[in-house]
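Peer 1: pasting the structure only:
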């Protein structure tokens, strides 16, 4: 998923990979790589395997690093078992 700099998303996002250039208000669940661009704003929790935060990005929320993409679930985001 690629979110343009002019985009504003309200809601949760589930994707294999994501590059955020605009604004997201919601939780983001990524099985692989998340990139927060230099002009991005993410207000919500982020579950990811790999993460790149560019200088200037704004992130307000919690980060959860996963070591196995299979633990990202539909219901809660992370299975703690």
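Peer 2: Thanks, I have the structure now. These figures come from a predicted structure and were not determined experimentally.
Peer 1: Return the set of buried residues in stretch 16-23.
Peer 2: Buried residues in stretch 16-23, counted by 16 or more other Cβ atoms under 10 Å: 18-23. C-beta coordinates here come from the backbone N, C-alpha and C atoms, glycine included.
Peer 1: which residues does the residue nearest the centre of the chain form a beta bridge with?
Peer 2: Per Cα atoms, centre = their mean, the C-alpha nearest to the average position across the chain is that of residue 28, at 3.7 Å. Beta bridges link residue 28 to residue 13, residue 46 when assigned by DSSP bridges.
Peer 1: Show me the strands in this structure, by range?
Peer 2: 2-3, 8-10, 13-15, 18-20, 23-25, 28-30, 33-36, 41-43, 46-48, 50-53, 58-60, 63-65 (DSSP state E).
Peer 1: can I get those strands in JSON lines with mean pLDDT?
Peer 2: Output for these, formatted as JSON lines (pLDDT from 0 to 100):
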{"stretch": "strand 2-3", "mean pLDDT": "97"}
{"stretch": "strand 8-10", "mean pLDDT": "97"}
{"stretch": "strand 13-15", "mean pLDDT": "97"}
{"stretch": "strand 18-20", "mean pLDDT": "98"}
{"stretch": "strand 23-25", "mean pLDDT": "98"}
{"stretch": "strand 28-30", "mean pLDDT": "96"}
{"stretch": "strand 33-36", "mean pLDDT": "97"}
{"stretch": "strand 41-43", "mean pLDDT": "98"}
{"stretch": "strand 46-48", "mean pLDDT": "96"}
{"stretch": "strand 50-53", "mean pLDDT": "96"}
{"stretch": "strand 58-60", "mean pLDDT": "97"}
{"stretch": "strand 63-65", "mean pLDDT": "94"}
